[in-house]
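1. Next comes the sequence, and after it the predicted model I'd like to discuss.
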Amino acid sequence: MIKIVKRDQPSRAIFFFTPVLAIFLTLVAGGLIFFILGFKPFEALKFFFIVPIADKYGFSELLLKATPLCLIAIGLSFCFKSNNWNIGAEGQLTFGAIVSGGVALLFYEQEGFYILPIVILAGAIGGMLYASIPAILKTYFNTNEILVSLMLVYVSKLILDYLVVGPWSNPEGFNFPETRQFSDSAKLPILFEGLRIHAGIFLALAAVVISWFVFYKTYLGFQMKVSGFSLKTARYAGYKGKKMIILVFLISGACAGLAGVGEITGPIGQLHREISPDYGFTAIIVAFLGRLHPVGIIFASLVVAITYLGAETAQIFMQIPKYTGQVFQGMILFFLLASDYLLFFKIKFIGSKK
Amino acid sequence: MNTNLKISNVTKIYPGCIANDNVSLEFNSGKIYALLGENGAGKSTLVKILSGVIIPDEGKIYLNENNLKLNSPLDAKKNDIGMVFQHFNLFETLSVFENLIIDSDEQRESLREKIDTIMKKYNFSIDLDIPILNLSAGQKQKVEIIRCLIRNPKVLIMDEPTSVLTEQETSELFLSLKKFSEEGILIIYITHKLKEVMQLCDEVAVMRRGKLVSVSEIKNENIESLANKMVGQNLKTIKKKKAKTSSDQLIKITNLNFTSEDPFETNLMDINFSVNRGECLGIAGISGNGQSELFQVLSGEIISEKNSIEFNNNYIGDLSPQERREYLMAFSPEDRLEQAAIPQMKIFENVALNNFKSSNFFNNGLINENKIKEHSKKIISDFNVNTDNIELKSQFLSGGNLQKLIIGRELITSPDLLICFNPTWGLDVGAINYIHETLIKINEQNKSIILISTDTDELLKLSDKISVIHKGKLSKIMNAEEVTSEKLGILMGGAN
C-alpha cells in the first residue's frame, strides 16, 4: 500500500533534488513524445541534448543562450522573492534594447572606448524605465502587476516593429525591417576568435555574485524575504513597502534591459524584429527551476539553454519543428511544479496489514 | 423516547498528529453533555465525525443501537443529528426565511407555520423576512438552531457557540438549551470555557491530545479540577497586585478617527483615551468591532494625524511602526503565524523583525548575524522559550513558545509601552499563565500596557482600567474594580 504522509519539515535535500527530478521526468516524457512521433527515443534525445554541445562551437552557443536567461532570471528573482509578479521581462528586454540600440545608432559612424559603456548604461536605464510602469501603477493605483507587465510586452514589441520598419530602418537596407549595423565600438567584445560567445557573460556572472550578496547578506535582502513570506509582517515590522516594490522592479528591469543590450550588441549587432526568442518568458522558468537561488539559476539557465539549441539541431537533423524546444521548457516547469509536492509530502510504502 | 448515542473506539489520524485516539463515549437524552478540551485537543474532529464532515479511520457510531454510516453531512441530517457550527453557514443577503427553506423539502406555508410554532415555544423573536446581515450574532445563531429544530433532531451538537455572543445572549442560549434538553433532545456542548460547563452541563467529558481523559458528573467537579484535567498539570492561580496609581501620563489619544475603504473593516470614530505609566488599559469587545483597526492605528501600520497620538510628549500619529519603536513602543499583534512571526523563518530571523537603531542588527545595510543571534539567545533564556536552537524554524515552536518568543522580542528592549492584541488566544493554560505573569511584571516595573482582548476574564485579571469597543467607538474608561463581566457584556452588546 502506498501512503502519502506530510513531512514534518520540508527537507533541504529534496528542495534541491526536485529540480533534478523534474529534468529527469522531462527527459522521460520527451522520449515518450519522440517515440509516439515515430523516432527512436534515445537517438532523438541525443540529438536534442548531447549533439548540440558536443564541440567547442556548441558549448559557446550554450553559454551564449544561457547568458541572457541567467541575467534576466537573476533580476526576476528579486521580484519573485518579494512577492512581486513581474512577468514582463520580455518587454523590459525589448525596451532596453530599443533605448541602447538608439544610442548605438547615434554613434554609428564613430569609434571610441566610451561608446560601449554608454550603450550598456542606456539599455539598463531603458529596462528600468519600462519596469517602473507596472511598479508605479501597482504602488499608487493598486493595479495588478501581472497584467500590466505582461501587456506591456506587446506594446514594446510593436514599438520596436515601428522603429525598425519606419524611422530607424537602414537607409541602405533595401527596406528590410532592420537598422544599420552598429559600429564596432558599440559592440561587446568577442571572447574567442571564431566563436560567438561575448563579454556579456561577465555581466551575468556579476549579477549572480551581487544578487547572492544582496539576498543573503543585506538588510534589503532580509526585507525582501520577509515581504515574500508575508506582506502583513513586513508592514508590522515597518518596512517601506512601496519603496521596495519599486526598487525590485527597477533591478529586475535593469537586468532584463542588460540582457537586451547583450543580444543586440553581441551576436546580432543591429536592431531588427526578432531580437529575442522569448528569453524574457523562458527566464521565468529558469528562475523557478533555479529555486530563486543565484547558483541554482546558473545551472537552470544552462539546462534551459540546451532546449533552445536542441530544438535547432532537431529541426535540422530530424525535421522536427523547433517549437519542440518550447514543449520541453513547458514540461520542465510542469514537472517542477508537480514534484514540488514532494517538498511537503513524502510517499511511504507500507506492507498491507492483514 | 430516549435517545442513546454511542461512540465506539473512534480513531482519526492526520499526517503528523493523532486527532482522535481510540475514543469511546456514551450519551443519553435528558442530559446536557460538555465536551471539554483545549484548542487542538480533538473536540472538533470528534464533532465533525459525528456530523459526517470527516470519516473516521476506525471506530463506529451507534444511535439507539443502530450502527450509523455517516459519509456526509446529509447522512447526519437524515439520522436526526443536528449541528450548529462555530461559524455560521448562512447567506447574508437572503432573508431568514429564504435561508431556512433552502435545505428544507417542506411547502412554504407549512414551513412558515412550523417555524412560528418553534419560535413561540422557545421565545425566539426574529423577523423572518429581513436579510441575515441585519441580525446580531445571537440572532444568527438562533436561525441556525431553528434550522436544526425544523427537522426534529434527536441530537443537537453545539460547537463553541458562545465565542461570538455577549453575556446576555449567552444566558439566553443556555435557557433555550436547557429547554431542548427537557424536551428530550440530547445535547452535546463543545467548549473550552470552564465556567460555561459548570453553569450549563450535567456531565463532562474531557479530551487532551486526542485522548479522552475523563468522564464525570459536574456535581463532582469544580473549575480548578476541570482545568487541571484539561491541561494535565496543576495550575497556580495568579493575581495582580493593585498598582500604585501614578499620574504620569505616557500616551494620549485625542480625537482619533479612521475611515476604511474596505467594507469589511470597521471605522474608528472619535477615539480618546490616555494611559499613565505603570498602568494596564484593557480594551474589551466582541471580535470584529474595530480592535484590529485600533491596534494597527496604534502600531503605525495605519498612519493617522500627527497630533492624534501623543507619546511621551511627542506627536507620533504619522510615524511608521519602526519609527514608533525608536520612541520605545512595542507591539504584539493578534495573528502569530501570519503577522507577528514568519513560521518558515528561523527563530533568530524572526527576532530581527523588531529592529531598533541601537540594537545594531543591521549596520550600513548589512545583516549583523552575530548580534542578532546573541540577542536571540538572551530572549530564549529570559523568556523560557522551550528550545536552545535559534536556527530552528519557528514553525516547530508550539503556539505558547512562539508567543513567548514574540513577547520576549518586544520586551527585551524594555519599551515604555506594550500594545498587545489577544496575546493568549489559542494557547494552553500553562502558556497563558506565563504570559499573564509577564504582563503583570511589566506593570510592576512602571511600564504601561494597552491590552486589546476578547477574553473578558483576562481583561478583568490584568487591567487597571477598562474600556469597551463597540462598532468602532470606545465606551468611557472605567476603573477595573468597578467592572464586572456582566457590565462588560452589556457594553459589548452595544447598550449603554
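-> Thanks, I have the structure now.

2. The closest residue to chain B within the stretch 1-150 of chain A: how many residues sit nearby?
-> At 3.3 Å from chain B, A:K6 is the closest residue in the stretch 1-150 of chain A, using Cβ to the nearest Cβ. Quick note: C-beta positions are derived from backbone N, CA and C, even for glycine. Counted with other Cβ atoms under 10 Å in any protein chain shown, residues neighbouring A:K6 total 11.

3. what's the spatially most central residue of chain A in contact with, if anything?
-> By Cα atoms, centre = their mean, chain A has its centre lying nearest to A:A283, at 2.3 Å. Counting by Cβ atoms under 8 Å, 6 or more residues apart in numbering or on different chains, A:A283 touches A:68-69, A:72-73, A:76, A:89, A:256, A:259, A:301.

4. If we use 7 Å, what do you get?
-> Taking Cβ atoms under 7 Å, 6 or more residues apart in numbering or on different chains as the criterion, A:A283 is in contact with A:69, A:72-73, A:76, A:89.

5. now, among the residues you listed, which is nearest to B:L256?
-> A:L76 (42.0 Å; Cβ to Cβ).

6. Pull up the gap between the nearest residue to B:G278 once chain neighbours are set aside and chain A, please.
-> Of all residues not flanking B:G278 in the chain, B:N446 sits nearest, at 4.3 Å (Cβ to Cβ, 6 or more residues apart in numbering or on different chains). Using Cβ to the nearest Cβ, to the nearest Å, B:N446 is found at 26 Å from chain A.

7. picking up where we left off before, the spatially closest residue to the residue nearest to the centre of chain A that is not a sequence neighbour and A:A104, how far apart?
-> Of all residues not flanking A:A283 in the chain, A:I72 sits nearest, at 3.7 Å (Cβ to Cβ, 6+ apart). Relative to A:A104, A:I72 is positioned 20 Å away (Cβ to Cβ, to the nearest Å).

8. So for those two, which residue has more residues nearby?
-> A:I72 (35 against 31).

9. pLDDT score for the more buried one?
-> A:I72 is assigned 98 on the pLDDT scale.

10. Helix or strand: which one has it?
-> Using DSSP states H and E, A:I72 falls within helix A:56-81.

11. what's in contact with stretch B:95-103?
-> Residues from elsewhere that reach stretch B:95-103 (Cβ under 7 Å, 6+ apart): B:90-91, B:108, B:111-112, B:115, B:126, B:128-132, B:143, B:146-147, B:150.

12. Can you turn the buried part of these into a ChimeraX selection?
-> Buried members of these, defined by 16 or more other Cβ atoms under 10 Å in any protein chain shown, are picked up in ChimeraX with:
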select /B:90,111,115,126,128,132,143,146,147,150
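
13. In helices, which of the contacts of stretch B:95-103 appear?
-> B:108, B:111-112, B:115, B:143, B:146-147 (DSSP state H).

14. Just give me the closest of these to chain A.
-> Chain A lies nearest to B:V143 out of the ones in helices among the contacts of stretch B:95-103, by Cβ to the nearest Cβ, at 33.0 Å.

15. Residues of the stretch 251-400 of chain B that sit close to chain A?
-> The interface of the stretch 251-400 of chain B toward chain A, taken as Cβ under 7 Å from any Cβ of the partner chain, is made up of B:299-301, B:320-322, B:333, B:338-340, B:342, B:344-345, B:352-353, B:362, B:365-367.

16. and with 8 Å instead?
-> Residues of the stretch 251-400 of chain B that fall close to chain A, judged by Cβ under 8 Å from any Cβ of the partner chain: B:299-301, B:320-325, B:331, B:333, B:335, B:338-342, B:344-345, B:349, B:352-355, B:362, B:365-367, B:393, B:396.

17. Tell me the buried residues within the residues you listed.
-> Among these, those scoring as buried are B:299-301, B:320-322, B:324-325, B:331, B:333, B:335, B:338-342, B:345, B:349, B:352-355, B:362, B:367, B:393 (criterion: 16+ other Cβ under 10 Å).

18. can you tell me which of those residues are in strands?
-> Secondary structure defined by DSSP state E assigns B:331, B:362, B:367 of those to strands.

19. Reformat those into a markdown table and put pLDDT next to each item.
-> Output for these, formatted as a markdown table (pLDDT from 0 to 100):
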| residue | pLDDT |
| --- | --- |
| B:F331 | 95 |
| B:F362 | 89 |
| B:I367 | 91 |
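
20. sorry, back to before: for A:L121, state which of the contacts of A:A283 is nearest.
-> Using Cβ to Cβ, the contacts of A:A283 come closest to A:L121 at A:I72, 17.9 Å.

21. That closest one and A:F281 touch, don't they?
-> No - using Cβ atoms under 8 Å, A:I72 makes no contact with A:F281, being 9.4 Å away.

22. who touches both of these two?
-> By Cβ under 8 Å, 6+ apart, A:I72 and A:F281 have these common neighbours: A:A89.

23. The residue of the stretch 101-250 of chain A found nearest chain B: neighbour count?
-> For the stretch 101-250 of chain A, the residue closest to chain B is A:G238, as judged by Cβ to the nearest Cβ, at 2.9 Å. A:G238 has 22 neighbours, counted by other Cβ under 10 Å.

24. So it is in contact with B:G300, correct?
-> Yes - using Cβ under 8 Å, A:G238 makes contact with B:G300 at a distance of 6.8 Å.

25. between the two, what contacts are shared?
-> The contact sets of A:G238 and B:G300 overlap at B:320-324 (Cβ under 8 Å, 6+ apart).

26. got a list of what residue 223 touches?
-> Using chain A. The contact partners of A:Q223, by Cβ under 8 Å, 6+ apart, come to A:82, A:234, A:239, A:244.

27. that's the other chain; I wanted chain B
-> So B:I223 contacts B:194-195, B:198 (Cβ under 8 Å, 6+ apart).

28. what residues are up against the residue of the stretch 301-450 of chain B found nearest chain A?
-> Taking Cβ to the nearest Cβ, chain A has its nearest neighbour within the stretch 301-450 of chain B at B:Q322, 2.9 Å off. Applying Cβ under 8 Å, 6+ apart to B:Q322 gives the contacts A:237-239, B:300, B:355.

29. how does it look with 6 Å?
-> B:Q322 sits next to A:G238 when contact means Cβ atoms under 6 Å, 6 or more residues apart in numbering or on different chains.
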